[in-house]
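Asks: Return a 3D structure for these sequence lines:
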Amino acid sequence: MTPLVLPCLLLLWCWLAYGLLPLRWQNSHLAGPDASLQRACEAASRGRWEPAARLFEEAGQDWERRTLYAQRLGDVAAGGHDRWLKAWEEARPGNPDAALVAGCAGVAYAWKLRGGARAHRTSRSQFEDFHRELRASRDDIERASALRPDDPSPLVAEIWRARGLGYSHEEMHALWSRVTALAPHHFEAHSGALRYWTAKWHGSRQLVREFAEKAAAGAPPGSLLAVLPMMAWYENHLDKLSAADFLGREVRALVDAAVADVALADPDHPRLPEARHLLGYFLFRQGRYRAAREQFRHVDGFTEALPWRYAHVASLHYRAVRTKTGRKALMDRRMR
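Replies: Presented below is the predicted three-dimensional model:
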């Protein structure tokens with residue numbers, strides 16, 4: 001047997017045993033499995049709005065789920081497939097669900113025009129288009145909020161406008177008060193606001209850390225908000241990350257808190273997959289491979305989450321980390 005055969009066989013066994021298949025197609029639009037949302041997005045891309053309407057009816061007052069649905073369906077419309085959305089609004093005038101998706105689509109389209117590069121690599125024309133479309137999305141967001149005042153989802157979309165248009169701290173605080181009055185522990189709202197408070201946008205390393213720590217301290221177990229301090233740390237260190245940075249006592253404590261919170265979360269929490277991606281990455285960087293593998297096992301096949309979305313090719317970054325995690329986890333097991 002050649003020296004490479006045994007390691008390859010062990011890797012194959014690990015991938016098959018734990019469902020971490022290296023050649024599996026990666027869905028870059030979702031963070032984790034959601035068959036109903038995936039079907040609705042596919043139907044929308046083919047011009048049918050009815051599955052999306054049913055999706056929102058089933059979501060009811062699950063605000064976290066409504067926000068997720070609106071964002072992902074808004075992405076479909078922003079990608080050039082918007083006939084279904086126009087048909088939905090024509091068929092059901094004044095429908096708050098369709099209005100919400102329209103608002104999210106406007107915001108998503110603006111960010112698409114800007115692109116994902118840093119400011120110094122973004123052209124003046126890109127910024128002009130970006131700001132124009134963000135300003136244009138205001139009417140749809142306000143309409144969605146007026147049609148269903150108890151839903152925080154339009155305000156979550158407004159947070160993305162706040163970041164792009166450079167709301168002042170006073171304006172952001174006022175917006176945040178409105179959000180938390182409706183949904184004090186809304187994960188996506190907190191995630192979006194956290195990015196506003198980063199040093200690369202409109203805050204600082206201290207402000208984003210304080211925001212995350214305050215949110216986590218006041219959140220009930222299982223809310224996933226204990227992930228925020230870990231997210232803030234990642235944003236603060238993103239430009240100069242080394243392997244040793246993940247191994248400090250402070251970061252270990254942040255990860256342990258996130259592990260406990262994720263374990264207590266509702267398995268059906270719509271944002272749990274996103275938390276698992278980032279947590280799995282931190283566990284991997286800390287050499288806690290078996291724990292990392294457990295997180296990746298739940299989300300394998302999906303990459304729309306941190307840290308992959310910051311990579312040039314998200315699926316390749318995820319595959320590299322996931323594959324190494326599986327190999328190292330198997331080696332750990334064999335050594336025990």
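Asks: show me where pLDDT drops low in the stretch 1-150 of the chain?
Replies: Judged by pLDDT under 70, the stretch 1-150 of the chain has its weakly predicted residues at 1-24.
Asks: those helices in it, which residues are they?
Replies: Here the stretch 1-150 of the chain has its helices, by DSSP state H, counting those that start in this stretch, at 5-18, 35-45, 50-59, 63-78, 83-91, 96-114, 124-136, 138-147.
Asks: just the stretch 201-336 of the chain next, same as before
Replies: Under DSSP H, counting those that start in this stretch, the stretch 201-336 of the chain gives helices at 205-217, 228-237, 249-264, 272-285, 289-299, 314-335.
Asks: Which of those sits closest to residue 51?
Replies: helix 272-285 (20.7 Å; CB to CB). Where you see a C-beta, it was placed from the backbone N, CA and C, and this is true even at glycine.
Asks: The helices of the stretch 1-150 of the chain into CSV, with extra columns for distance to residue 282 and mean neighbour count?
Replies: Shown next, in CSV, are those (distance: least, CB to CB, whole Å; neighbours: other CB atoms under 10 Å):
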stretch, distance to residue 282, mean neighbour count
helix 5-18, 19, 13
helix 35-45, 26, 17
helix 50-59, 30, 18
helix 63-78, 22, 24
helix 83-91, 37, 17
helix 96-114, 26, 24
helix 124-136, 31, 15
helix 138-147, 33, 18
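Asks: In contact with the closest residue in space to residue 58 that isn't next to it in sequence, which residues?
Replies: Spatially, and ignoring its direct neighbours in sequence, residue 58 is nearest to residue 36 (7.5 Å; CB to CB, 6 or more residues apart in numbering). By CB atoms under 8 Å, 6 or more residues apart in numbering, the contact list for residue 36 reads 51, 55, 58.
Asks: Residue 95 now?
Replies: Contacts of residue 95 (CB under 8 Å, 6+ apart): 53, 88, 89, 147.
Asks: Check residue 149 too.
Replies: Contacts of residue 149 by CB under 8 Å, 6+ apart: none found.
Asks: From residue 213, how far off is it?
Replies: Here residue 149 is placed at a distance of 31 Å from residue 213 (CB to CB, to the nearest Å).
Asks: any idea how this protein splits into domains?
Replies: 26-183, 220-336 (automatic domain parsing).
Asks: Can you lay out the helices of the stretch 1-150 of the chain as TSV showing distance to residue 278?
Replies: Formatted as TSV, these follow (distance: least, CB to CB, whole Å):
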stretch	distance to residue 278
helix 5-18	20
helix 35-45	20
helix 50-59	24
helix 63-78	16
helix 83-91	31
helix 96-114	20
helix 124-136	26
helix 138-147	27
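Asks: closest one to residue 277 among these?
Replies: helix 63-78 (14.4 Å).
Asks: now that closest one, how far from the chain's geometric center?
Replies: 11 Å (CA atoms, centre = their mean, to the nearest Å).
Asks: I'd like the C-alpha coordinates of it written as CSV, please.
Replies: Presented in CSV, the C-alpha positions along helix 63-78 are these (Å, rounded to 0.1, in the frame of the first residue of the first chain):
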residue,chain,number,x,y,z
TRP,A,63,-40.1,37.9,13.2
GLU,A,64,-36.7,36.3,12.8
ARG,A,65,-38.0,34.0,10.2
ARG,A,66,-39.9,36.8,8.4
THR,A,67,-36.7,38.8,8.2
LEU,A,68,-34.7,35.9,6.8
TYR,A,69,-37.4,35.1,4.2
ALA,A,70,-37.6,38.7,3.1
GLN,A,71,-33.8,39.0,2.7
ARG,A,72,-33.4,35.8,0.7
LEU,A,73,-36.4,36.5,-1.5
GLY,A,74,-35.2,40.1,-1.8
ASP,A,75,-31.9,38.7,-3.1
VAL,A,76,-33.7,36.8,-5.8
ALA,A,77,-35.6,39.9,-6.9
ALA,A,78,-32.4,42.0,-6.8
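Asks: The helices of the stretch 1-150 of the chain: which one's closest to residue 314?
Replies: Comparing the helices of the stretch 1-150 of the chain by CB to CB, helix 63-78 comes nearest, at 14.4 Å.
Asks: which other helices and strands contact that closest one?
Replies: helix 35-45, helix 50-59, helix 83-91, helix 96-114, helix 153-165, helix 187-196 (3 or more CB pairs under 8 Å, 6 or more residues apart in numbering; DSSP states H and E).
Asks: so what's the spatially closest residue to residue 192 that is not a sequence neighbour up against?
Replies: With sequence-adjacent residues excluded and distances taken as CB to CB, 6+ apart, residue 192 is closest to residue 159, at 4.1 Å. By CB under 8 Å, 6+ apart, residue 159 lies in contact with 175, 179, 189, 192, 193, 196.
Asks: returning to that earlier point: let's have the domains of the chain in TSV, adding distance to residue 203.
Replies: Listed next are the domains of the chain as TSV, based on distance: least, CB to CB, whole Å:
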stretch	distance to residue 203
domain 26-183	8
domain 220-336	10
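Asks: To residue 202, which of those lies closest?
Replies: Comparing those by CB to CB, domain 26-183 comes nearest, at 6.3 Å.
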